[in-house]
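[1] I'll drop the sequence and a predicted model, then ask my questions.
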Amino acid sequence: MTVALLSLEMYLPMSQSLKDKRMVLRRLKDRLKAFNVSVAEVAHQDVWQRAGLCVVTVASADDVAEQTLATVLKEVERLEPGLVTRSQVEYLR
């Protein structure tokens, strides 16, 4: 069993308020539910134009978890191109 964590740092230049930011993040979270992952905003909650998201998946093997998180990252880039400034994958065993 593998637990994998994808950490994303995002820059949201179009956000002019926390409401704008929440709208973007809610849309992302709703779309990522289709990949059977858990998503949470974990950093920069009070900053309008920055967001820190974590995406977690549980899989039977490392390669399955890696493939799931790669697909999630591609979907985030497709939905909101150019907003991800940093991404990192960690495995918890």
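    Arrived safely.
[2] tell me what V3 is bridged to.
    On the basis of DSSP bridges, V3 is bridged to V58, L92.
[3] again, but for L8
    Residues in beta-bridge contact with L8 (DSSP bridges): L53, S87.
[4] am I right that it is in contact with V56?
    No: applying CB atoms under 8 Å, one finds L8 not in contact with V56, separated by 11.9 Å. All C-beta spots, glycine's among them, are computed from the backbone N, C-alpha and C.
[5] more neighbours, these two?
    L8 (23 against 16; other CB atoms under 10 Å).
[6] name the helix or strand for Q16, please.
    Per DSSP states H and E: Q16 is located in neither a helix nor a strand.
[7] the nearest residue to it once chain neighbours are set aside: neighbouring residues, count only.
    Take Q16 and drop its neighbours on the chain: the residue closest to it by CB to CB, 6 or more residues apart in numbering is W48, 6.8 Å away. Per other CB under 10 Å, the neighbour tally for W48 reads 16.
[8] got it, and S15?
    Neighbours of S15 (other CB under 10 Å): 19.
[9] that one contacts Q49, correct?
    Yes: counting by CB under 8 Å, Q49 is a contact partner of S15 at 5.2 Å.
[10] between those two, which contacts overlap?
    K21 (CB atoms under 8 Å, 6 or more residues apart in numbering).
[11] isn't the residue nearest to Q16 up against K19?
    No: look at W48 against K19 with CB under 8 Å: they stay out of range, at 9.4 Å.
[12] name the helices or strands packed onto the helix or strand containing Q67?
    Per DSSP H and E, Q67 falls inside helix 62-79. Counting contacts by 3 or more CB pairs under 8 Å, 6 or more residues apart in numbering; DSSP states H and E, helix 62-79 packs against strand 2-11, helix 18-32, strand 50-59, strand 84-92.
[13] circling back: contact partners for the residue nearest to Q16?
    12, 15-18, 20-21.
[14] give me phi/psi at it?
    phi -70, psi -40 (degrees, to the nearest 10).
[15] separation between it and N36?
    As judged by CB to CB, to the nearest Å, W48 and N36 stand 30 Å apart.
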